[in-house]
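Novice: how does the following fold in three dimensions:
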Amino acid sequence: MDADLIKLVNQLQDTFANLGGELDMPQLAVVGSQSAGKSSVLETIVGRDFLPRGSGIVTRRPLVLQLIHTPASESSAQTYTEWGQFLHIDKRFTEFDEIRREIEQETFRVAGQNKGISKLPIHLRIYSPNVLDLTLVDLPGLTKIPVGDQPSDIERQIRSLVLDYISKQNCVILAVSAANVDLANSEALKLARQVDPQGRRTIGVLTKLDLMDAGTNALDILTGRVYPLKLGFIGVVNRSQADINAEKSLSDAHEAEDDFFRSHPAYRNIAHKNGTRYLAKTLNQVLMNHIRDKLPDMKARLNTLMGQAQQELNSFGDSAIYGDKNQQGGLILRLMTQFARDFVASIEGTSVDISTKELSGGARIYYIFNDVFGQALLSIDATHNLDNQDIRTAIRNSTGPRPSLFVPEIAFDLLVKPQIKLLEAPSLRCVELVYEELVKICHNCTSSELQRFPRLHAQLVEVVSELLRERLGPTTDYTQSLIDIQTAYINTNHPAFISGSAAAATALTTPPPRQVLPRPSQPASAESVNGASWQDEEDESTDEPSASSTAGRDARSVSSTVHDRSRAGATSAPPTAPGGAGSSNRHQTHHHSSRHASGSGGAPGTHANGTAKETFLNYFFGQNGPGPLAGSTVDRANGGGGLAPVGRDVSGADPALDSGLMAGKRSIDSNAAFDMKSLGKHIEAASDSSGHLTMREEMETNLIRSLIQSYFGIVRQTIQDLVPKAVMHLLVNNTSQQVQNRLVASLYKPELFGDLLNEDEALVAERTRVKALLDAYREAFKTLSEVTLKST
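Specialist: Numbers count the residues shown, from 1 in each chain. A predicted model of the protein is given here:
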């Protein structure tokens, strides 16, 4: 029964080594410093030379050595009684030299040629009638400094590897120390005490007892008086290097070892408790007792592992149902429904696995609407790309050949439509961003069960993506039409625009307060026709010049007044200048004939510069204001002020001037007609080359800007409200409503079931491994239960 225990553990160890199980098997781990004699102890136990030898570190991979006792065969057909077998190769090795070479080659294959180490163990079974059932793990020897081309951290690597084995509670530590070195310097005992401070699962082995200095012995250590261990110390004498070179047999070495203990005066009384044979028996008994003690823990651990393996296998599903069309259809329909439900739940924020670390699903769409799209619209300046020159040009072009009395509405329409078009790019980008987020949500909708079928998942994503692409076109077109609708009709009757434009016009065009002298009941002379003498008007003109402007009452046609200054006319001209007073009186009589026919009738006593009286038209158009309409008729007639320029030719002289019809006459006559050049290709709407705006132009420009900003704000607010609604209705909600029907119509076809339910190859292999591991757990649990019943 005891032999069955060790065989059972060996079988479980091999099974779980192949399947990757997590069950810790009871085992013996050989720990010791480099060249302490670990390999020699193992070879002595086995009775064969089969381990690699050499200088420096030789054991660079853990060697799991399973010794299996076989009864001596009485049949003459079998020519060998001892053989070895590796777990990584299906071959029996009857020559132990071949076993040594295979260990070296396997070590080089995994650990390399540079004296490095590897944690991947080598599994070796040795069948022999001369061994006891035993399982040992030969670990690399502990070292201090790297030698040759060893890694610089070789000490840390080896120590970590050894601790991985001996820190497990199911491991019995076989601490090998050389007797000719002070026990206080034993690295093996130091590590053993670190993981087993009470010494309950540590066996001490003293080697090289025959090499101790003359007059010294290790009796106190072997009897436990120096370093007490529950399992005690056992002394052994291995072959020396000279014996190995002389090919001394292990049987002779056993006899020499027995003679040494029987004849040594210090060890003769404890000779029966030392030696390799006693060590093998002790290890066999310790291992069996350890296995027996750990059986309940192993059964409990196996029970837990079986539950975990069963749960993992259930997550992979059962492959037996995939041959039935009805079951396949039901599975696909259930997975499609779950996929559509997860897609809609992610958008609506009702998913069960909502992240608390970052925005996900529909919250990202809201972030696009509110933060990304909203901030993009707010960042657009309504008039940032309109300079004064553009506005003046639009005003001039919209009036044609006629001079403008008011700010034309056509100029406002011409300028505001391109500004509204600035909202188109952010709106279309908003649609694209929401589409991208929906595609991401679609890709993230998966489950552990759906991951088993990568083709089905890919088709589900493709169908939903196709549905999203179909909805992207109508959504984009409708969003673009919202911008086109705003530019198709400029509604200046909008309540917000009327109130905003009226306030802006009032702020821009309110004239400053001006002092008006009281008007007498009846004019005493022609000098006080308008309530002020010529001298008063001259003082008012020179000391307190003022500008007045009014806004039109209708928002569709806003009037702009220009600067109104009272001028003294031609005060510097002599009063007897021929034609001066008559011309002035004629122009003034033309403007005021209906209201002041007798006030400026051109009497001989009337002064030439006293005709500039303040009437309604003079107040509106101004006496000397800037612009083509602001010049006084009197000044134009008298030549006191030139025509106000309305543009500037920046194209340069036209070379056609020298070849025109009147080219020959330019050199003959100096008439002003010959100084009138042909127009160039580009003419700016500027008063002068300096670009300085006159008062009227500045008021008109500022008024247009305020109107554009007011109306642009209305349109921006409308677009910011309508675009998210359109995206939600046409793209998000429509897709959510149609996704289930589209999936069923596209994928629920019996001829596609087999291809859609084709599982991932890696998943199939993993399920096979887990199933085999579960079967191994069950078999081990059954075997352990039977062993427990037999022992009772």
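Novice: just how off-centre is the strand or helix carrying Glu312 within its chain?
Specialist: Element membership for Glu312 (DSSP states H and E) is helix 276-316. Offset of helix 276-316 from its chain centre (CA atoms, centre = their mean, to the nearest Å): 46 Å.
Novice: can you pull the contacts of Phe316?
Specialist: Arg452, Leu763, Glu766, Arg767, Val770 (CB atoms under 8 Å, 6 or more residues apart in numbering). Every residue, glycine included, has its C-beta placed from N, CA and C.
Novice: the third one: what secondary structure?
Specialist: Looking back up the chat, that one is Glu766. What DSSP: H, G, I helix; E, B strand; the rest coil gives for Glu766 is helix.
Novice: what sits closest to it if chain neighbours are left out?
Specialist: Phe316 (7.2 Å; CB to CB, 6 or more residues apart in numbering).
Novice: which residues in the stretch 51-200 of the chain form strands?
Specialist: Assigned by DSSP state E, counting those that start in this stretch, the stretch 51-200 of the chain shows strands spanning 63-69, 83-86, 92-93, 122-128, 134-138, 171-178.
Novice: winner for burial among those?
Specialist: Mean neighbours per residue, mean count of other CB atoms under 10 Å, is largest over the strands of the stretch 51-200 of the chain for strand 171-178, with a mean of 25.
Novice: what sits up against it?
Specialist: With CB under 8 Å, 6+ apart, strand 171-178 has contacts from 24, 26-33, 36-38, 41, 136-137, 165-166, 183, 186, 188-189, 191-192, 195-196, 201-208, 211, 231, 283, 286-287, 290.
Novice: quick one, the helix holding Glu312 and strand 63-69 angle?
Specialist: Helix 276-316 runs at 110 degrees relative to strand 63-69, counting by axes from the mean of the first three to the mean of the last three CA atoms, to 10 degrees.
Novice: now do helix 276-316, average pLDDT.
Specialist: Across helix 276-316, pLDDT averages out at 83.
Novice: buried set for the next helix or strand after that helix?
Specialist: Next helix or strand after helix 276-316 toward the C-terminus (DSSP H and E): helix 325-348. Buried residues in helix 325-348, counting neighbours by 16 or more other CB atoms under 10 Å, are found at 328, 331-332, 335-336, 339-340, 342-347.
Novice: pLDDT below threshold where in the stretch 351-500 of the chain?
Specialist: 404, 499-500 (pLDDT under 70).
Novice: nearest spatial neighbour of Leu132, skipping sequence neighbours?
Specialist: Leaving aside its sequence neighbours, Leu132 sits nearest to Asn284 (CB to CB, 6+ apart; 4.3 Å).
Novice: please apply the same query to Ala266.
Specialist: Nearest one to Ala266, counting by CB to CB, 6+ apart, is Asn217 at 4.0 Å.
Novice: ok, that neighbour touching Arg268?
Specialist: No: with contacts counted by CB atoms under 8 Å, Asn217 stays clear of Arg268, the gap being 11.3 Å.
Novice: re the thing from before, can you select the buried ones from the contacts of strand 171-178 in PyMOL?
Specialist: To isolate in PyMOL the members of those that are buried, counting by 16+ other CB under 10 Å, one can use:
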select buried, resi 24+26+27+28+29+30+31+32+33+36+37+38+41+136+137+165+166+183+186+188+189+191+192+195+196+201+202+203+204+205+206+207+208+231+283+286+287+290
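Novice: separation between Pro401 and Glu697?
Specialist: 19 Å (CB to CB, to the nearest Å).
Novice: who's more crowded, those two?
Specialist: Glu697 (21 against 4; other CB atoms under 10 Å).
Novice: skipping its backbone neighbours, what lies nearest that one in space?
Specialist: For Glu697, ignoring the flanking residues on the chain, the nearest one in space by CB to CB, 6+ apart is Arg392 at 6.1 Å.
Novice: and the helix or strand encompassing that neighbour, which residues are buried?
Specialist: Arg392 is part of helix 388-399, with elements assigned from DSSP H and E. For helix 388-399, burial by neighbour count (16+ other CB under 10 Å) applies to Asn388, Asp390, Ile391, Arg392, Thr393, Ala394, Ile395, Arg396, Ser398, Thr399.
Novice: show me what that helix is packed up against.
Specialist: The contact analysis (3 or more CB pairs under 8 Å, 6 or more residues apart in numbering; DSSP states H and E) places helix 388-399 against helix 409-421, helix 695-727.
Novice: pLDDT averaged over the longest one - what is it?
Specialist: For helix 695-727, mean pLDDT is 90.
Novice: next SSE downstream of that helix?
Specialist: helix 734-747.
Novice: contacts for whichever helix or strand comes after that following helix, please.
Specialist: Counting by DSSP H and E, the next helix or strand C-terminal to helix 734-747 is helix 750-756. Helix 750-756 is contacted by residues Lys325, Gln328, Gly329, Ile332, Phe453, Arg455, Leu456, Gln459, Leu747 when judged by CB under 8 Å, 6+ apart.
Novice: any idea how far Arg53 is from the second one?
Specialist: With distances defined as CB to CB, the gap from Gln328 to Arg53 amounts to 62 Å.
Novice: sorry, back to before: buried members of the contacts of Phe316 into ChimeraX, please.
Specialist: The buried subset of these, as determined by 16+ other CB under 10 Å, is captured in ChimeraX by this line:
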select :452,767,770
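Novice: pick out the most distant pair among the contacts of Phe316.
Specialist: Using CB to CB, the contacts of Phe316 reach their maximum pairwise distance at Arg452 and Val770, which is 13.2 Å.
Novice: ok, back up a step: of all the helices and strands packed on helix 388-399, which lies closest to Phe260?
Specialist: Closest approach to Phe260 among those (CB to CB): helix 695-727, 94.0 Å.
Novice: returning to that earlier point: quick one, which of Asn217 and Arg268 is more surrounded?
Specialist: Asn217 (16 against 11).
Novice: specify the local secondary structure of that one.
Specialist: With three-state DSSP as the basis, Asn217 sits in coil.
Novice: kind regards, and thank you for your time.
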